[in-house]
Each structure stands twice: as C-alpha cells, then as structure tokens.
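Participant: I'll drop the sequence and a predicted model, then ask my questions.
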Amino acid sequence: MEWLEASTENCPVQRTLDVVGEKWTLLILRDAMNGVTRFDDFHRHIGLSEAVLSDRLRKLTAAGVLRTVPYREPGSRPRNEYRLTRKGWDLWPVLMALSQWGEAHTLESEDPVLDVRHTGCGAPLRVVVECSTEHSALTPREVTARPGPGARLRS
C-alpha cells in the first residue's frame, strides 16, 4: 500500500490534533508545563475567555491529559486545580519542538522568551529525532516513512 492509498482516519497526527490541535489548548498546556494549575491563573496569563477556558480544560480532562485536584482556600468554596497527567507530560517534547521552531523562525533577533536548560549541565535544550538504537539528530532525508500495519485502505 502506498501513502496516498492509506486512509487518514486513524492517523496518529489527526487523532492528536483532535485532542490538542487548537491554539488555546496548546497555550494551556504550555502554562501547565510551567507550573500553572488554577483556572484564574490560566485565565489571567493566557487572556482567553472564561467560557473557552472552561471548555478546553473540560476537554483536556476528559481526554486524560489533565486531572483535577480539589483545593479550598480559607473562606472560599472548593475549586479544582488542573495538573498534567503522564499522558499530558508526554506532550512536553511537542511543546519544546514548537518553541524551538518559533525561536528559530518567528522571533527574528529577539532573545528567547523562556530559557530552558538542562539542570545537570546548564546547556540549552534542543529537540531532535532519533531512532530506537539512538542514532540521534536524524534529518528527513535519513528517514523512510511508509504505511504501517495499522494503516487502512482509503475508501
């Protein structure tokens, strides 16, 4: 089967975009990965409407990307914090790759907005693609892509 003969209905990129493929969702994930957990803090920092924020948080929670943890400040009603699950943290390399691309192609001569470094040695991070035998920093020319066993014929 060739790629153009394969259905895109079960494509992992498409399924991922069904969960996180919206601007506000990615910004919520960015903030969650940087320690934001409370509705009011997301709302204030990102600047989206409460209705949109509620909808995105509900969808991310339903998808298992975030989980709710109840908290209560003295004199206030109980509320929920939103914390990343393992599934949510697995999106960290995606956000790092988007950030790396943005720094290279959209900031012009500005310095990075978020300085992310390896705690152990202090070096800046870079996202690379490697094979399972650890040949790292592969380029698209060094990779072969073809429909896998889960591919279905296009109808």
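Facilitator: Alright, I've got the coordinates. Numbering: from 1, shown residues only.

Participant: can we go C-alpha only for contacts and neighbour counts from here?
Facilitator: Will do.

Participant: hang on, isn't V127 packed against W101?
Facilitator: No. Distance between V127 and W101: 9.5 Å, which falls outside the contact criterion (CA atoms under 8 Å).

Participant: distance of T85 from H105?
Facilitator: 30 Å (CA to CA, to the nearest Å).

Participant: So those two - more neighbours on which side?
Facilitator: Using other CA atoms under 10 Å, the more surrounded residue of T85 and H105 is T85, with 14 against 10.

Participant: check contacts around the more buried one.
Facilitator: If a contact means CA atoms under 8 Å, 6 or more residues apart in numbering, then T85 has 64-67 as its contacts.

Participant: can you rerun that using 6 Å?
Facilitator: Residues counted as contacts of T85 (CA atoms under 6 Å, 6 or more residues apart in numbering) are 65-66.

Participant: Kindly report the same for N80.
Facilitator: Neighbours of N80 in contact, by CA under 6 Å, 6+ apart: 68-71.

Participant: which one of those residues has the most neighbours?
Facilitator: Counting neighbours by other CA under 10 Å, T68 comes out on top of those with 17 neighbours.

Participant: Nothing else from me, thank you.
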